[in-house]
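*Asks:* below is the structure, and that's it, no one-letter string:
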DNA sequence: CCGCCATCTGCTCATATGAGCAAGGTTGCC
DNA sequence: GGCAACCTTGCTCATATGAGCAGATGGCGG
């Protein structure tokens, strides 16, 4: 009878969801009372036979967000649906859009926003709407790309975000990584630079992304690091970088010497921040996302469905079934 | 505002379908009246953003069935869902199961069932349950595989179906295709054979499948035709065969001479039958399925989702979207 | 064979939802 | 600017649905 019931619940579901019949009508078709039909339907849902998906570029995954918040102790989590998306491009764009939405809806509006830079954040800046906030002071929290071909990307991102909020942008006039420790110390203590760093330390919110540990990193692109150096970092356990600093899966600095030469706010500071928003999307970034979240580097995570599952340690898509 | 509404409808859908909130609750979350929420939800559904799928091996596609019935003038159509199925194997098994279910539920129970043979029908026979009907006389309607390595498949199918219905099986003691027309005529007029053919002509229902026109056909396997002959048939427009007879996309006999040498009931007779059930599944059989249905060779079609769409002339999966 | 526990069934009643309507607001046209 | 057609909004009311409960059913040990 258990088997018959399962089959009946499928028939009922077909009539209910595909033919828009009422439970009562289904009852007379299948020769059941309408209460039985209701129960069969509930059973079908509970067994996972009914799959409801919201197919839209802006769709989110509320249950996953909840799980992330609860399991990882996050203040908030934004997970965009990857339903029907194959390429990472699209995924990143959706996530950036979601980050822009989240920023826009943030209350209270942060007075000062500490900002990192990268492809992802640039994408976020593009998605923000003019007037998204009434005046925000944007401060760079790590050294910019100045050696790069794509010069000014870092500055552009900060300026655009500030401009769209009718606020001001404060740029950090320094390279991301210095070759010599002394140089770094010197720059750091320069009045102009120190002032910016201090502003950054006092920011009411942080927004940053993460890079995976491989040669595609913007830090390599910009000439701060060589592919060989990255390889070595990977050897030593690096899964990716945030604000220019490479961490391993436990969230620890991989190469303290290198880190010392990296200019910008420290991870310790980031960990203490009451509002640190990480925007991380894409198949390549599961490991770094996991490291960031589990080591408490962010209080808010904006990401895609697959990355969220990876962070939670779920195997991606193992269907519960009982046929 | 239209854009805002779309976004809102997505947010509402998330809360409604993923968080099981009531429209009223959603109203207070999104600062809308509950009626607005209801309308947004309706809009989201209408725009196709809400996709509801029944994930179960026995799930059917009622709306497709209706379209098939109406557009193709069928008496009934059974379409099994291909949700989450990748291989043809599984698809065919599901379809065979559905055919067995349909047969079992047939009222009035056919007194005499004209039966073809093949992998698909064998599969159907396996899925039928002992006692599926109280006595059915099964009659073969085309010549069996007797030259084959898998000798007796045709007979086994008929016997098993009859046995499971506590009925009797009448086998057609003849090859499917004869080499010489005279031989065919001779066999055909043999008392024993003629009697079976007559029984077949008087059957109250027919059940048959179809083969695609390529070298994988059971007719090649059994030695009735060579791969080269099939190639030639394809050249002449053959899309597949039913009851051993090759037809083109318009349902006409491709090679009248060959057809003359094929022993079994004629397509004309099949077209006149009030109950002719075709069971056709799999990616390879879209063309033959289309030919069978559009030329009125069956009154009932049991098939899979993708084949059904092909029969209807729909491009498989073009999502309506409006982002 | 009897009664007990567990499950299943059909019900009442509260709640959630959708249809339809009238009022208010908007758009476009003169 | 004024008017009309249209659309949107908030409502009433009928209907559909789910929670919870009492009685029926059925398997099982005593």
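*Replies:* Thanks, I have the structure now. For clarity, every value in this text was computed on a predicted model and none was experimentally measured.

*Asks:* ok, residue A:237 touching residue A:254?
*Replies:* Yes. With contact defined as Cβ atoms under 8 Å, residue A:237 counts as touching residue A:254 (5.9 Å). The C-beta positions use only the backbone N, C-alpha and C, and glycine is treated the same way.

*Asks:* so residue A:178 touches residue A:260, yeah?
*Replies:* No. Checked against Cβ under 8 Å, the pair residue A:178 and residue A:260 is beyond contact range at 9.4 Å.

*Asks:* between these two, who's got more neighbours?
*Replies:* Neighbour count, other Cβ atoms under 10 Å in any protein chain shown: between residue A:178 and residue A:260, residue A:178 has more, with 20 against 14.

*Asks:* contact partners for the more buried one?
*Replies:* The contact partners of residue A:178, by Cβ atoms under 8 Å, 6 or more residues apart in numbering or on different chains, come to A:184, A:187, A:261, A:262, A:263.

*Asks:* okay, and the common contacts of residue A:178 and residue A:260?
*Replies:* Overlap of the contact sets of residue A:178 and residue A:260 (by Cβ under 8 Å, 6+ apart) consists of residue A:184.

*Asks:* buried sites along the longest helix along chain A?
*Replies:* Counting residues, the longest helix found in chain A (DSSP state H) is helix A:88-105. Within helix A:88-105, the residues that count as buried by 16 or more other Cβ atoms under 10 Å in any protein chain shown are A:91-104.

*Asks:* what do you get for stretch A:274-289?
*Replies:* A:275-282, A:284-289.

*Asks:* pick the one among those closest to residue A:154.
*Replies:* Checking these against residue A:154 by Cβ to Cβ gives residue A:279 as the nearest, at 15.3 Å.

*Asks:* from DNA strand D, how far out is the closest one?
*Replies:* For residue A:279, the distance to DNA strand D equals 32 Å [Cβ to the nearest atom of the strand, to the nearest Å].

*Asks:* that residue belongs to a strand?
*Replies:* Yes. Under DSSP: H, G, I helix; E, B strand; the rest coil, residue A:279 sits within a strand.

*Asks:* wait, isn't it in contact with residue A:122?
*Replies:* No. Applying Cβ under 8 Å, one finds residue A:279 not in contact with residue A:122, separated by 11.0 Å.

*Asks:* what about the helix or strand harbouring residue A:63, average pLDDT?
*Replies:* Secondary structure from DSSP states H and E places residue A:63 in helix A:62-72. Averaging pLDDT along helix A:62-72 gives 95.

*Asks:* list the buried ones in that helix?
*Replies:* Within helix A:62-72, judged by 16+ other Cβ under 10 Å, the buried ones are A:62, A:64, A:65, A:67, A:68, A:72.

*Asks:* what residues are up against the third one?
*Replies:* Same thing as residue A:65. Contacts here follow Cβ under 8 Å, 6+ apart; on that basis residue A:65 touches A:76, A:77, A:78, A:79, A:308.

*Asks:* mind doing that once more with 7 Å?
*Replies:* With Cβ atoms under 7 Å, 6 or more residues apart in numbering or on different chains as the criterion, the residues that contact residue A:65 are A:77, A:78, A:79.

*Asks:* from the residues you listed, which is closest to residue A:132?
*Replies:* Nearest to residue A:132 among the contacts of residue A:65: residue A:78, at 15.7 Å, using Cβ to Cβ.

*Asks:* next, the closest one: phi, psi?
*Replies:* Per-residue torsions, residue A:78: phi -120, psi 120 (degrees, to the nearest 10).

*Asks:* residues in contact with it?
*Replies:* By Cβ under 7 Å, 6+ apart, residue A:78 lies in contact with A:60, A:65, A:98, A:102, A:302.

*Asks:* any idea how far it lies from residue A:281?
*Replies:* The gap separating residue A:78 from residue A:281 is 11 Å, by Cβ to Cβ, to the nearest Å.

*Asks:* what's the per-residue pLDDT of residue A:211 here?
*Replies:* Value for residue A:211, per-residue pLDDT: 91.

*Asks:* just checking, it touches residue A:240?
*Replies:* Yes. Counting by Cβ atoms under 7 Å, residue A:211 does reach residue A:240; the two are 5.5 Å apart.

*Asks:* who's more crowded, these two?
*Replies:* Counting neighbours by other Cβ under 10 Å for residue A:211 and for residue A:240 shows that residue A:240 has the greater number, 28 against 23.

*Asks:* could you look up the SS state of that one?
*Replies:* Of the three states, residue A:240 takes strand under three-state DSSP.

*Asks:* that one contacts residue A:217, correct?
*Replies:* No. Using Cβ under 7 Å as the test, residue A:240 is too far from residue A:217 to be in contact (8.4 Å).

*Asks:* okay, and the common contacts of the two?
*Replies:* Residues within reach of residue A:240 and of residue A:217 at once, by Cβ under 7 Å, 6+ apart, are residue A:211.

*Asks:* mind showing which ranges of chain A have poor pLDDT?
*Replies:* Filtered on pLDDT under 70, chain A yields the residue ranges A:1-3, A:145-152, A:315-323.

*Asks:* now the strands for it?
*Replies:* A:50-54, A:76-80, A:112-115, A:137-140, A:169-170, A:205-209, A:211-212, A:238-242, A:245-248, A:276-280, A:300-304 (DSSP state E).

*Asks:* what packs against the third one?
*Replies:* Okay, so that is strand A:112-115. Judged by 3 or more Cβ pairs under 7 Å, 6 or more residues apart in numbering or on different chains; DSSP states H and E, the packing partners of strand A:112-115 are strand A:137-140, strand A:205-209.

*Asks:* deepest of those, which one?
*Replies:* Of all those, strand A:205-209 carries the top mean neighbour count, a mean of 27, counting by mean count of other Cβ atoms under 10 Å in any protein chain shown.

*Asks:* residues making contact with that strand?
*Replies:* If you take Cβ under 7 Å, 6+ apart as the criterion, strand A:205-209 is touched by A:110, A:113-116, A:118, A:120-121, A:141, A:242-243, A:270, A:273, A:275-280.

*Asks:* re earlier: of all the helices and strands packed on strand A:112-115, which lies closest to DNA strand D?
*Replies:* With Cβ to the nearest atom of the strand as the measure, strand A:205-209 is the member of the helices and strands packed on strand A:112-115 nearest DNA strand D (32.7 Å).
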